[in-house]
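*Asks:* Sequence and computational prediction follow.
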Amino acid sequence: MEQAGTLSEMFETAVRRYAARPCLEFLGRSWNYAEVAALVARAGAGLQALGVQSGDRVGLCLPNSLHYVVSYFAIQRIGAVVVNFNPLSAEVELDVQARDAGVGVMIATDLAPVLGRVLMMLDAQAIGCVVACPFADNLPWLKSWGFRLTKRAMVNRVPADRAGVWGWDRLVQAQPGEAVSVTPDDLAVLQYTGGTTGSPKGVMLSHSNLTANAAQVCAWFPDSRPGEERVLAVLPLFHVFAMTVAMNAAICWGAEIILQPRFEFTMLLAALRRRRPSIIPGVPTLYKAILDKGATAADLASVRVCISGGAPLPHEIQAQFEAAAGCRLVEGYGLTEASPVCFCNPVKAGGRDGTIGLPLPGVEAEIHAIEAPHAVQPLGTSGELWLRGPNVMQGYWHRPEETAATLTPEGWLRTGDVGIMDADGYVELVDRIKDLILCSGFNVYPRAIEEALYHHHDVVGAIAVGMPDAYRGESVAAFVQLSPGSTATPESLRAFLDDKLSPIEMPRRIEIRAALPLTAVGKLSRKELRAELLATQAAAP
């Protein structure tokens, strides 16, 4: 498992090996590795001209684009720290995260209302400077001209003389200097958790954490073809899964990264036909959408393997996608605190349905008792999944107590996920400890209820959460999204579940929704529905 010491060394190695090979493709415009490297050096020098020094935190509030990839590696080149922001977040969320991280410079798209929110942060002195990146610069000449002409309302134009704002063109005019020396243990990325189980925390990922995880992912693909792969990056790179698999690992392969600014099926289909990707990282909802919207076997013929993460992969989606695409779709597992990929099913053959697979090279895994955390559980017994390896974080930013509660002195990461390990090392995830529903003293796992609902042919989305119950403490509420035209009712769904769930697991409330809440990466989110139930309960007489 060959591993570069720092992200800059990893990128520079790829540039030396694959200088003339395509590196990035965006809606028909391409840049090779040498061209991207030249922009990285100039952008790094431009950031230094803005006063950015080694160890400073620089924010990225960008969709998948040339600007994102160049900025990411420019920040690493000068020894600064990337702080990823979701461009769709509300201004108050961006503000809180920027102040917590101590961001000085924010690099943001000029798309409205994203840049508008970032400029409000500048006015509020949450950040000190903004670099505005014209979205149209990513496009081929004709598309760029058309975008500027017809999509003016989508762009937030900044007066040239506004204090504290630089344009991207000005940033990359700087003459490049030498890269700043950093060590593998230096902080590279401050990645904020999604906040699905509490307030977001800044996860400190070092250069060695991220280069190790990129190398681990590459090692898991034994038939990969360095210098030939084409990776479809439709998941947002500001999310840690895409950052590692669709960008960092792709750079290690010398792959072409086919950037999609967002998921839109017509745009995705055009990319499949235009660039013929060989590897697609995604989440279950992405593969389901590709199937539902009618991608053909011919459209997917170039794809050799897909890796699913971010949420449990229902067997029905896996089987349907593999049959339609003729390629492997394997489930993996990770978490932000581990850079993030830790487990995956084999990509060549084998694997076990319903499991997250085996630990990646260099990852150790144990199952510990929930009530007595330091007691290792026997094989086949459920407990909390603990992990240790070179990809495990340094800790939480400015949160020593939470770091101590999550990382043991021996380097073990307590994941908060409940799992069962078999004799061969495969792990089945049962659920998250914090998502357990306690009904009359019994542990009820939302995932088991959701999997039972997915067996119904009309169910396309399911979320189970606990709701307050004066008698049981908690009872189960299930929110369901149905396929168009379905006539299923809460009563018929409950009848369908009758022989699949125990009485204690049976939802007392089933609510059909037109859509279910998703996280930024497209994962079904329990957080909003749990909050909604609690608010309803609090407002009741």
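*Replies:* Received it, and whenever you're ready, just let me know what you need. On a predicted model such as this, the values are computed, not experimentally measured, just so you know.
*Asks:* Can you verify my assumption that Ala124 contacts Asp95?
*Replies:* Yes. Ala124 lies in contact with Asp95 (C-beta atoms under 8 Å); the separation is 6.5 Å. Where you see a C-beta, it was placed from the backbone N, CA and C, and this is true even at glycine.
*Asks:* Between these two, which has more neighbouring residues?
*Replies:* Ranked by neighbour count (other C-beta atoms under 10 Å), Ala124 and Asp95 place Asp95 first, with 18 against 12.
*Asks:* residues in contact with the more buried one?
*Replies:* 121, 124, 126 (C-beta atoms under 8 Å, 6 or more residues apart in numbering).
*Asks:* cool, Glu364 as well?
*Replies:* Counting by C-beta under 8 Å, 6+ apart, Glu364 makes contact with 387-389.
*Asks:* Next: Glu256.
*Replies:* Glu256 touches 21-25, 30, 229-231, 250, 275, counting by C-beta under 8 Å, 6+ apart.
*Asks:* re earlier: ok, of the contacts of Asp95, which one's closest to Ala495?
*Replies:* Distances from Ala495 to these, taken as C-beta to C-beta, are shortest for Met121 (51.8 Å).
*Asks:* Just the C-alphas of the strand or helix carrying the closest one, formatted as PDB.
*Replies:* Per DSSP states H and E: Met121 is located in helix 114-123. Extracted C-alpha coordinates of helix 114-123, given in PDB (Å, rounded to 0.1, in the frame of the first residue of the first chain):
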ATOM      1  CA  VAL A 114     -24.300  31.500  -2.200                       C
ATOM      2  CA  LEU A 115     -22.000  34.500  -2.600                       C
ATOM      3  CA  GLY A 116     -24.700  36.700  -1.100                       C
ATOM      4  CA  ARG A 117     -24.600  34.700   2.100                       C
ATOM      5  CA  VAL A 118     -20.800  34.700   2.200                       C
ATOM      6  CA  LEU A 119     -20.700  38.500   1.700                       C
ATOM      7  CA  MET A 120     -23.100  38.800   4.600                       C
ATOM      8  CA  MET A 121     -20.500  36.900   6.700                       C
ATOM      9  CA  LEU A 122     -17.800  39.400   5.500                       C
ATOM     10  CA  ASP A 123     -20.000  42.300   6.600                       C
END
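*Asks:* Can you name the next helix or strand after the helix or strand bottoming out on mean pLDDT in the chain?
*Replies:* The helix or strand of the chain with the lowest confidence, counting by mean pLDDT, DSSP states H and E, is strand 442-444 at a mean of 73. Next helix or strand after strand 442-444 toward the C-terminus (DSSP H and E): helix 446-454.
*Asks:* Tell me which other helices or strands that next one touches.
*Replies:* Secondary-structure packing of helix 446-454 (3 or more C-beta pairs under 8 Å, 6 or more residues apart in numbering; DSSP states H and E): strand 427-432, strand 459-469, strand 473-482, helix 490-497.
*Asks:* Could I get the full set of strands for the stretch 101-250 of the chain?
*Replies:* Along the stretch 101-250 of the chain, the segments classed as strands by DSSP state E, counting those that start in this stretch run 103-109, 129-133, 165-167, 187-192, 202-206, 230-233.
*Asks:* quick one, which of the ones you listed is nearest to Ala369?
*Replies:* Comparing those by C-beta to C-beta, strand 202-206 comes nearest, at 25.7 Å.
*Asks:* show me where pLDDT drops low in the stretch 301-450 of the chain?
*Replies:* 440-442 (pLDDT under 70).
*Asks:* switch the cut-off to 80
*Replies:* Along the stretch 301-450 of the chain, segments meeting pLDDT under 80 span 311-312, 431-434, 436, 438, 440-443.
*Asks:* cool, and the stretch 51-200 of the chain?
*Replies:* Ranges of the stretch 51-200 of the chain meeting pLDDT under 80: 159-160, 194-200.
*Asks:* rerun that using 90 as the cut-off
*Replies:* 88-93, 152, 157-161, 193-200 (pLDDT under 90).
*Asks:* Please enumerate the helices of it.
*Replies:* Listed from the start of the chain, the stretch 51-200 of the chain has helices (DSSP state H, counting those that start in this stretch) covering 66-77, 91-101, 114-123, 141-150, 168-171.
*Asks:* quick revisit: what subset of the contacts of Glu364 is buried?
*Replies:* Using 16 or more other C-beta atoms under 10 Å as the burial test, those include 387-389 as buried.
*Asks:* Please produce JSON lines containing those residues, extended by distance to Ser502 and secondary structure.
*Replies:* Shown next, in JSON lines, are the buried ones among the contacts of Glu364 (distance: C-beta to C-beta, whole Å; DSSP: H, G, I helix; E, B strand; the rest coil):
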{"residue": "Leu387", "distance to Ser502": "31", "secondary structure": "strand"}
{"residue": "Arg388", "distance to Ser502": "35", "secondary structure": "strand"}
{"residue": "Gly389", "distance to Ser502": "37", "secondary structure": "coil"}
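*Asks:* Closest one of the residues you listed to Arg526?
*Replies:* Using C-beta to C-beta, these come closest to Arg526 at Leu387, 22.6 Å.
*Asks:* Wait, that closest one touches Gly419, no?
*Replies:* No. Counting by C-beta under 8 Å, Leu387 stays clear of Gly419, with 10.5 Å between them.
*Asks:* possible to save the helices and strands packed on helix 446-454 as a markdown table with mean neighbour count and distance to Val81?
*Replies:* Listed next are the helices and strands packed on helix 446-454 as a markdown table, based on neighbours: other C-beta atoms under 10 Å; distance: least, C-beta to C-beta, whole Å:
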| stretch | mean neighbour count | distance to Val81 |
| --- | --- | --- |
| strand 427-432 | 20 | 29 |
| strand 459-469 | 21 | 35 |
| strand 473-482 | 21 | 38 |
| helix 490-497 | 15 | 48 |
